[in-house]
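# Kindly return the folded structure for what I paste below:
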Amino acid sequence: MADYFTILTSQGKAAVANATALGTAISIAEMAIGDGGGAAMSPTAEMTALVNEVYRAEINNIAVETESPTIMRVELIVPTTVGGWTAREVGVFDDAGRLFAVGNFPDTYKPQLSEGSARELKVVVLLEVTESGVVNLSVDPTIVLATSKYVDDALAALEQLFTEQMNAALDESVGTMTPEDIGAAPANHTHPPDTPTGTVVAIAGTSVPDGWLECDGASLSTTSYAGLYAVIGSVFGSGTDAFNLPDLRGEFLRGWDHGRGVDSGRNFGSYQGEAFKSHNHAAKIPNAYCEGPGRGLIYMTPNATTTSVATTAVGGTETRPRNRALMFIIKY
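The predicted structure follows:
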């Protein structure tokens, strides 16, 4: 027999035979490392524990060898933070804590990180069973450790996959487009609506853009313009299955008072006619005199003022600030 080997223990063989007969499975859960009590050891089938166990952890992976279906490959990773002993023996345990297989290997010193050497130890055990299907892996995936090579290989595979998919996407979306297609793309792109329905704005033009209507008091169908009707309702007038737009031609807009008290008593959307705030004018008379018969009946004092003198009417037909005429439109 070779100097270094792994065998099933008696209880391991019994477990395989029982699982094969009953059609059940054995769950392999842990592996342990031992130092052999400071000396080389030779595994025996009667062993139920290692000579001197120094480290135990959940199995990292178990798989069937591709070329030999009856050979199980069991792996354990000893992290860099564990060590300070020489590995000489290894044990494989099932989920009931029984020593399923035992093996030995040449003296392998596992240093600790504090010794200035950061090295993980990968232990691989090959188990031969009559039916590989009766052996399962029982492991907590949150504790499994990945080897440096595994991580490097996984990252390389991911990078290659990303590159291939990115190149394929670029070839599909860019390679088939002509310069004319690229130039037309912005114009053909459909933008989601970002202006709320019912928004009123003034434009410096006489053409109404798509999606907008002139605020001219027109009567619209409540069905055809259901979205706009849901916002403004019949505030500006209504009819049978119809509603009116606000008529803002020739009008100034004023913010709704909404309880402030500056323009109290107003309903939302209501019309307000022109008005001139009540006020008085003071008239100064620098010189006063009377002529004609009965002039002694009126007496005026020079440089006196009065608040009851009517002034001559001047100006236009309305009171207004300086302004420019633009077109009000509403979003539908």
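# tell me the mean pLDDT over the longest strand along the chain?
Assignment by DSSP state E gives strand 99-110 as the longest strand of the chain. Across strand 99-110, pLDDT averages out at 92.
# same check, this time on stretch 115-134
Averaging pLDDT along stretch 115-134 yields 77.
# Contacts for that stretch next, please.
Stretch 115-134 is touched from outside by 6, 8, 16, 19-20, 24-26, 31, 33, 64-65, 68-80, 83-84, 87, 90, 92, 101, 103, 108, 110-111, 135, 145, 147-148, with contacts defined as Cβ atoms under 8 Å, 6 or more residues apart in numbering. In this view, the C-beta of every residue, glycine as well, is placed from N, C-alpha and C.
# now those residues: which count as buried?
6, 8, 16, 19-20, 26, 31, 33, 72, 74-78, 83, 87, 90, 92, 101, 103, 110-111, 135, 145 (16 or more other Cβ atoms under 10 Å).
# can you count the residues close to Gly211?
Neighbours of Gly211 under the rule other Cβ atoms under 10 Å: 11.
# typo on my end, Ser278
So Ser278, with other Cβ under 10 Å, has 5 neighbours.
# Equivalent analysis for Ala17, please.
13.
# hang on, it in a helix?
Yes. Under DSSP: H, G, I helix; E, B strand; the rest coil, Ala17 sits within a helix.
# For it, give its distance to Ser114.
Separation of Ala17 from Ser114 (Cβ to Cβ, to the nearest Å) stands at 46 Å.
# And the longest strand of the chain, what does it pack against?
Here strand 99-110 touches strand 6-8, helix 10-22, strand 26-34, strand 85-94, strand 121-128, going by 3 or more Cβ pairs under 8 Å, 6 or more residues apart in numbering; DSSP states H and E.
# Name every strand pairing with the first one and say which way it goes.
The reference is to strand 6-8. strand 99-110 (antiparallel) (DSSP bridges).
# And the average pLDDT for whichever strand or helix holds Met166 is what?
Take DSSP states H and E as the rule and Met166 turns out to sit in helix 148-173. Over the span of helix 148-173, the pLDDT mean works out to 73.
# now stretch 234-248
For stretch 234-248, mean pLDDT is 94.
# Can you give me the buried ones in it?
Residues Phe236, Ala242, Phe243, Asn244, Leu245, Pro246, Asp247, Leu248 are the ones in stretch 234-248 that count as buried (16+ other Cβ under 10 Å).
# can you give me phi and psi for the fifth one?
Spelled out, that is Leu245. phi -80, psi 160 (degrees, to the nearest 10).
# Kindly report the same for Ala230.
The phi/psi pair for Ala230 (degrees, to the nearest 10) reads phi -60, psi -20.
# what separates the nearest residue to it once chain neighbours are set aside from Asp257, distance-wise?
Nearest residue to Ala230, sequence neighbours excluded (Cβ to Cβ, 6 or more residues apart in numbering): Thr197, at 7.7 Å. Going from Thr197 to Asp257 by Cβ to Cβ gives 24 Å.
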